[in-house]
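[1] mind looking at a prediction? Sequence and model below.
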Amino acid sequence: MKYFRLLDNINYPQRWYLGDILPDENNWKFTYGSKVDELLLSKHMTVDVYENGNPMDYTTTEGYVVPVISKSLKRALEFANDIQFLPVIIEEIQYYIMVVVSLIDCVNESESEFDLYTKDDLVRPDKAGEYKSFYKIKIDEKKTNGKDIFRLKGYDIAIIISEKIKNIIESINPLTSKFIEV
């Protein structure tokens, strides 16, 4: 099975840029690779539009890189067991926060290129030994358990999708997302 890193297409023409999810104060909780307790959320969440532009079927918020998807993309992905969809309003239109609820340790370090945090890192010495950035990600397919979508353990900012999910996203709108084979 082929896998890809799913990214927001920053080159989408005259695109919008999304800010924080409001009124929530901790937008990071949508990126941990686990389900969000919906009882702790506001029933009326909105996403701040940081810069007006064309709406997108797949995009991420600026500060926290939280995936936000359209109704049509949500409908197409509802079969996936590892996604939690949380309703959110953007400029009076229904969208969904896409919470990826699987976190898998599957980086093939011998074929990947990356930097690690060090104990003398000026910003995050508490993350010493963890992934800081990737120049090339290669995953070990055997460790994915055939999942269609997940976040990388140790680098949970990365969302990894199967070719099946990639094809679905491309069928809705191929221009709002970017894919890098991993």
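    Looks like it arrived, so ask away. Numbers count the residues shown, from 1 in each chain.
[2] how about the helices in this structure?
    Secondary structure of the chain (DSSP state H): helices located at 71-77, 163-172.
[3] in TSV: those helices, plus mean neighbour count and distance to Gly63.
    In short, each C-beta sits where N, CA and C put it, glycine included. Output for those, formatted as TSV (neighbours: other C-beta atoms under 10 Å; distance: least, C-beta to C-beta, whole Å):
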stretch	mean neighbour count	distance to Gly63
helix 71-77	17	22
helix 163-172	16	23
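[4] look up how far Ala128 lies from the residue lying farthest from the centre of the chain.
    The outermost residue of the chain relative to its centre, with distances by C-alpha atoms, centre = their mean, is Asp120 at 29.0 Å. According to C-beta to C-beta, to the nearest Å, Asp120 stands 8 Å off from Ala128.
[5] ditto for Gln94
    For Gln94 relative to Ala128 (C-beta to C-beta), the value is 43 Å.
[6] same question, Leu41
    33 Å.
[7] looking at those two, which is more packed in?
    For Leu41 versus Ala128, neighbours defined as other C-beta atoms under 10 Å are more numerous around Leu41 (18 against 13).
[8] wait, what's in contact with the more buried one?
    Residues in contact with Leu41 (C-beta atoms under 8 Å, 6 or more residues apart in numbering) are Asp24, Leu86.
[9] list phi and psi for it.
    phi -100, psi 150 (degrees, to the nearest 10).
[10] and for the one 3 residues further on?
    When quoted as degrees, to the nearest 10, the phi and psi of His44 stand at phi -130, psi 70.
[11] which residues does the nearest residue to it once chain neighbours are set aside contact?
    Leaving aside its sequence neighbours, His44 sits nearest to Ile89 (C-beta to C-beta, 6 or more residues apart in numbering; 7.3 Å). Counting by C-beta under 8 Å, 6+ apart, Ile89 makes contact with His44, Met45, Thr46, Val47, Tyr95.
[12] highest neighbour count among the residues you listed?
    Ranking the contacts of Ile89 using other C-beta under 10 Å puts Tyr95 first, with 26 neighbours.
[13] which residues does that one form a beta bridge with?
    Val88 (DSSP bridges).
[14] can you verify my assumption that it contacts Ile69?
    Yes. Using C-beta atoms under 8 Å, Tyr95 makes contact with Ile69 at a distance of 6.6 Å.
[15] what distance do you get for Ile137 to Met56?
    With C-beta to C-beta as the criterion, Ile137 and Met56 are 23 Å apart.
[16] next up, the contacts around the residue farthest from the centre of the chain.
    Contacts of Asp120 by C-beta under 8 Å, 6+ apart: none found.
[17] and it, how far is that from Asp126?
    Taking C-beta to C-beta, one finds Asp120 at 12 Å from Asp126.
[18] any chance of the contacts of Ile89 in a markdown table, plus distance to Pro13 and pLDDT?
    Below are the contacts of Ile89 laid out as a markdown table (distance: C-beta to C-beta, whole Å; pLDDT from 0 to 100):
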| residue | distance to Pro13 | pLDDT |
| --- | --- | --- |
| His44 | 31 | 90 |
| Met45 | 28 | 94 |
| Thr46 | 25 | 95 |
| Val47 | 21 | 95 |
| Tyr95 | 20 | 97 |
